[in-house]
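Engineer: pasting the sequence and the predicted coordinates here, then a few questions.
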Amino acid sequence: MIQKFQESGYKIVDADEDISDICIVNTCTVTNIADRKSRQALRKVKAKNKNSIIVATGCYAQSYKEELEKMPEIDMVLGNEEKKDIVKYVEKYFEQKNKLIYVNDISKQKEFDEMGEISYTEKTRAVVKVQDGCNQFCTYCIIPYARGRVRSRKIESVIKEIENIVQKGIKEVVITGIHLASYGKDFDDDNIGLIDLLENINKIDGILRIRLGSLEPKIITEEFMQRLTKLDKICHSFHLSLQSGCDETLKRMNRKYTTSEFKEITQRLRKYYDDVILTTDVIVGFPGESDEEFNKTYQFLKDIKFYKMHVFPYSPRKGTLAAKMPNQIQGNIKNKRSQQLIELSNKNQKEYNEKLIGKTVQVLFEESKEGIFKGHTQNYILVEYKTEENLENKLKNIKIKKADIEFVIGCTD
Ligand code: SF4
């Protein structure tokens, strides 16, 4: 959106300074708390920019336009698909000066929304979105309603953008989507999937690393791995969303795999890449999760030994099936279970990091603060290294001397 305004001659200013004509809040609706924070952000921005027009867009605007319409602070509500024409809508407001609501039914959207160059770029890394929407309908999740059905970006469009990214000196791309494993499912040609896209990206000169965003585990078949392992730029770190290690809970969540299938998939990844790092997301306190079910999850996680787990206490999302399920779990139980899993995650991460002591790893350095450079290994372990040399955006082999939970420290020899 910033780019769209800049292309039309607008200047981007700080929303804290009360000098803007237009303030845009890109809202989130992933949990009830996200809705509340979005409303707070809208009120805060209006309080600081009294003469500005206030636009609410993003997923909360897409899903609950009626709630936003009622807020006196808001002048315009735009859905997700309307963002690409945001400048046109804002200019229409300037002509009419009436509250405007433009939110189309996103479930009817069939094409990936090309907004021009849409990647988020850091100094060494660019996040490239290749897919939007989801057809999975997990019972706790609002995303299929807020983002619509699966839409994939054409291979040629992704390649063109990454070739432009390389010109800026970026060496690493992170390929993301709402449900990356569904990439290509909406194309007329049934034979095009994520692996075909990755094979094309791997051929681009100048890109050294290709990282994958969160993946649905069932995409990791033998055939997928045989083709993936031929791609030398693929990073050996995979985020596989598990959500629960108990089959009964997974069924209530409407996840499409069993724990034994998931385990087989982690074994497959470890068979093909001996240095692979596996991370995951887990929801604790899902409706009906008894002590017995949680213990199954705990034992399963102990067995799989992820490098790191992102633990989320279940938060009911209005408009989803799970929010109406019986046997909602009390907050103190959720917190206790979260704590247990966070401790397990920290233990695994520290143990893994300690195994690196004395080994040499290749690091792509990103940024520095007070002479300490930070970067990641190919399999996404954070490395800190103190040096006078400017290592920004450079690859260097580093020997590891110390390990902490979240990172390891390199030394000069
Ligand atoms: S697969 Fe992910 S995005 Fe899709 S419904 Fe399930 S949790 Fe939501």
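Structural biologist: Everything's here; your move.
Engineer: mind giving me the domain split of the protein?
Structural biologist: Taking automatic domain parsing as the criterion, the chain consists of the domains 2-104, 107-235, 239-354, 360-411.
Engineer: show me what from the stretch 51-200 of the chain comes close to the ligand.
Structural biologist: The stretch 51-200 of the chain comes close to the ligand at residues Cys134, Gln136, Phe137, Cys138, Cys141, Ile143, Pro144, Ile178, His179, as judged by Cβ under 6 Å from any ligand atom. All C-beta atoms are positioned from the backbone trio N, CA, C, and that covers glycine.
Engineer: want to throw the residues you listed into CSV with pLDDT, neighbour count and secondary structure?
Structural biologist: Below are those laid out as CSV (pLDDT from 0 to 100; neighbours: other Cβ atoms under 10 Å; DSSP: H, G, I helix; E, B strand; the rest coil):
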residue, pLDDT, neighbour count, secondary structure
Cys134, 95, 21, coil
Gln136, 95, 16, coil
Phe137, 96, 12, coil
Cys138, 97, 20, coil
Cys141, 95, 19, coil
Ile143, 92, 20, helix
Pro144, 92, 20, helix
Ile178, 94, 20, coil
His179, 96, 22, coil
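Engineer: residue ranges of the strands in the stretch 151-300 of the chain, please?
Structural biologist: 151-152, 172-177, 209-212, 237-239, 277-284 (DSSP state E, counting those that start in this stretch).
Engineer: packing partners of the fourth one?
Structural biologist: Right, strand 237-239. strand 209-212, strand 277-284 (3 or more Cβ pairs under 8 Å, 6 or more residues apart in numbering; DSSP states H and E).
Engineer: output the longest one as CSV, nothing but the C-alphas.
Structural biologist: Read it as strand 277-284. What follows is strand 277-284, C-alpha atoms only, in CSV (Å, rounded to 0.1, in the frame of the first residue of the first chain):
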residue,chain,number,x,y,z
ILE,A,277,16.1,-28.2,12.0
LEU,A,278,12.4,-28.8,12.7
THR,A,279,10.2,-26.3,14.4
THR,A,280,6.5,-26.3,15.1
ASP,A,281,3.4,-24.6,16.5
VAL,A,282,1.3,-26.2,19.3
ILE,A,283,-2.1,-25.1,20.7
VAL,A,284,-2.7,-26.0,24.3
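Engineer: which parts of that strand are buried?
Structural biologist: Ile277, Leu278, Thr279, Thr280, Val282, Ile283, Val284 (16 or more other Cβ atoms under 10 Å).
Engineer: re earlier: for the helices and strands packed on strand 237-239, give me CSV that also has distance to the ligand and mean pLDDT.
Structural biologist: Shown next, in CSV, are these (distance: least, Cβ to the nearest ligand atom, whole Å; pLDDT from 0 to 100):
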stretch, distance to the ligand, mean pLDDT
strand 209-212, 15, 96
strand 277-284, 9, 98
